[in-house]
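Peer 1: need the 3D shape of this:
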Amino acid sequence: MYHNIRDALNKGDSNPENVDKATILPASFTGSKRYMNQYFKDAMAICRTLGHPSLFLTMNTNIKWPEIQRMLKFIPGVDVVDAPDVVARVFKMKVDQLLDQIKNKNSFGCCIGVMHIIEFQKRGLPHAHMLIWLHPNDRPKTTEQIDKMVSAEFPDPSIDPVGYEAVKNYLIHEPCGTDCVNSPCMVKGCCIKHFPRRYNSHTYFYDCGFPIYKRRKTGFTVKKKGIELDNRYVVPCNRDLLIRFQCSHNLHEVFDNAGTKKRKLEAWFDANKTYAEAPNLTYSEFPRKFTWHPQPGIWKQRKRGDVIGRLAEVHSSNGELLYLRMLLLRIKGAVCFDDLKTVNDHVYNSFHEACATLGILQND
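Peer 2: Modelled structure (predicted):
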């Protein structure tokens, strides 16, 4: 029997009796396409009702949890990878405890809604992703409130040795970049997680609305694979949850500095819009599939007076077009290309240099 007509035709069999009947899985079948589609629509409905979530939290399994190690003692000769039932049950117990901390014990404030999903990525250990909605009165609105909730630095080992050990053990990104080009996170010479991050003397809001966390040169480091790693490699976390659950987790704010999320990005890039008309966004916010409609207006060069009709023809050969697009979103009222390359009254030689000076580039 063949699964579909295509398989039968590929084998040269045109008899329809040899083809299985189509089976449509109901939405109640866990993990099916209709199941996931239904829950996605439920999530969108919650966003329309409660607004956009306040926090995004990821929790990973720690195979050294005492509950797992204690259970393995009853199964001689069995490693963690051979006991997925034990790992899954302990992880579910930990997730339930985390949800209780968030919903009933108000770890982040008054919680009005939580949505989570548990994944077994690449058939490995389970991990959970959570969206958390906080009451408007408890949503962080200042950088000081964010710093109390999320940290991306090593605690001082002389003041908080327990916190320092927890960060060192669970929240350090492995060495990558030029120090370790063979790291699994490296793709085409760049870390897909964007490590190492830049130093920041204080927390501030980026144009896309997400905060950039404080990462100072405090001098506290840890050695991994013979390489000293500092705050640039620390994963953002909540200190209290880290100490309580002793596992790697990732916590991010999901609001913008106006307190409300911007409209859906796709609405800005329809056939009647141009990037020049869009609000101030970063390149990372662009939809994965989009068509750029260059502004058809006339641009004049002050030096030579040349008239350029379409921006799509500008510097497309040397990669400057990408940086030009980014500058168009940031700089308003420019009448020539030199205006786009001017930052603090200094005219830079390329759009790339102007982007880097404005701080809208992390790396290439």
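Peer 1: mind checking the SS state of residue 37?
Peer 2: Judged by DSSP: H, G, I helix; E, B strand; the rest coil, the three-state class of residue 37 is helix.
Peer 1: wait, a strand at residue 113?
Peer 2: Yes: according to three-state DSSP, residue 113 belongs to a strand.
Peer 1: distance of it from residue 190?
Peer 2: Applying CB to CB, to the nearest Å, the value for residue 113 to residue 190 is 36 Å. In short, each C-beta sits where N, CA and C put it, glycine included.
Peer 1: which one's more surrounded, these two?
Peer 2: residue 113 (17 against 14; other CB atoms under 10 Å).
Peer 1: excluding covalently adjacent residues, which one is nearest to that one?
Peer 2: Once flanking residues are discounted, residue 113 sits nearest to residue 133: 3.8 Å by CB to CB, 6 or more residues apart in numbering.
Peer 1: list phi and psi for that neighbour.
Peer 2: When read as degrees, to the nearest 10, the backbone of residue 133 gives phi -100, psi 120.
Peer 1: next up, the contacts around it.
Peer 2: Residue 133 sits next to 46, 50-51, 53-54, 111-114 when contact means CB atoms under 8 Å, 6 or more residues apart in numbering.
Peer 1: what's the pLDDT at it?
Peer 2: Per-residue pLDDT puts residue 133 at 88.
Peer 1: what about it, distance to residue 105?
Peer 2: 16 Å.
Peer 1: neighbours around residue 170, how many?
Peer 2: 18.
Peer 1: do the same with the one 5 residues further on
Peer 2: By other CB under 10 Å, 20 other residues sit near residue 175.
Peer 1: where along the stretch 101-250 of the chain do the strands fall?
Peer 2: 111-119, 127-134, 186-187, 190-191, 204-205, 211-212, 222-224, 227-229, 249-253 (DSSP state E, counting those that start in this stretch).
Peer 1: in JSON lines: the ones you listed, plus distance to residue 176.
Peer 2: Listed next are these as JSON lines, based on distance: least, CB to CB, whole Å:
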{"stretch": "strand 111-119", "distance to residue 176": "23"}
{"stretch": "strand 127-134", "distance to residue 176": "20"}
{"stretch": "strand 186-187", "distance to residue 176": "6"}
{"stretch": "strand 190-191", "distance to residue 176": "5"}
{"stretch": "strand 204-205", "distance to residue 176": "25"}
{"stretch": "strand 211-212", "distance to residue 176": "20"}
{"stretch": "strand 222-224", "distance to residue 176": "10"}
{"stretch": "strand 227-229", "distance to residue 176": "10"}
{"stretch": "strand 249-253", "distance to residue 176": "17"}
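Peer 1: re the thing from before, among the contacts of residue 133, name the buried ones.
Peer 2: By neighbour count, with 16 or more other CB atoms under 10 Å, the contacts of residue 133 hold 51, 53-54, 111, 113-114 as buried.
Peer 1: tell me what the longest helix seen in the chain is packed against?
Peer 2: Criterion DSSP state H: the longest helix present in the chain is helix 84-103. In terms of contacts (3 or more CB pairs under 8 Å, 6 or more residues apart in numbering; DSSP states H and E), helix 84-103 is packed against strand 55-60, helix 66-72, strand 111-119, strand 127-134, helix 239-245.
Peer 1: tabulate the ones you listed (CSV), appending distance to residue 98.
Peer 2: Below are the helices and strands packed on helix 84-103 laid out as CSV (distance: least, CB to CB, whole Å):
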stretch, distance to residue 98
strand 55-60, 6
helix 66-72, 14
strand 111-119, 9
strand 127-134, 8
helix 239-245, 7
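Peer 1: which of these sits closest to residue 144?
Peer 2: Nearest to residue 144, of all the helices and strands packed on helix 84-103, is helix 239-245, at 15.5 Å by CB to CB.
Peer 1: what are the buried residues along the closest one?
Peer 2: Neighbour-count burial for helix 239-245 flags 239, 241-242, 245 (criterion: 16+ other CB under 10 Å).
Peer 1: follow-up on the earlier one: Throw the buried ones among the contacts of residue 133 into CSV and include distance to residue 211 and pLDDT, thanks.
Peer 2: Below are the buried ones among the contacts of residue 133 laid out as CSV (distance: CB to CB, whole Å; pLDDT from 0 to 100):
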residue, distance to residue 211, pLDDT
51, 18, 81
53, 15, 86
54, 12, 89
111, 20, 89
113, 21, 86
114, 21, 88
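Peer 1: any idea which of the residues you listed is closest to residue 231?
Peer 2: When the buried ones among the contacts of residue 133 are compared against residue 231 (criterion: CB to CB), the nearest one is residue 54, at 24.6 Å.
Peer 1: now the stretch 151-300 of the chain, which segments are flagged as low pLDDT?
Peer 2: 207-209, 254-300 (pLDDT under 70).
Peer 1: tell me the buried residues in the longest helix of the chain?
Peer 2: 86-87, 90-91, 94-95, 98-99, 101-102.
Peer 1: possible to save those as CSV with distance to residue 344?
Peer 2: Shown next, in CSV, are the buried residues of helix 84-103 (distance: CB to CB, whole Å):
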residue, distance to residue 344
86, 59
87, 54
90, 55
91, 51
94, 50
95, 49
98, 46
99, 49
101, 47
102, 44
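Peer 1: what's the farthest-apart pair in those?
Peer 2: Pairwise over these, using CB to CB, the maximum falls at 86 and 102, 25.0 Å.
Peer 1: and the residue lying closest to residue 206 once chain neighbours are set aside, how many neighbours?
Peer 2: Of all residues not flanking residue 206 in the chain, residue 212 sits nearest, at 5.3 Å (CB to CB, 6+ apart). Residue 212 has 17 neighbouring residues, counting by other CB under 10 Å.
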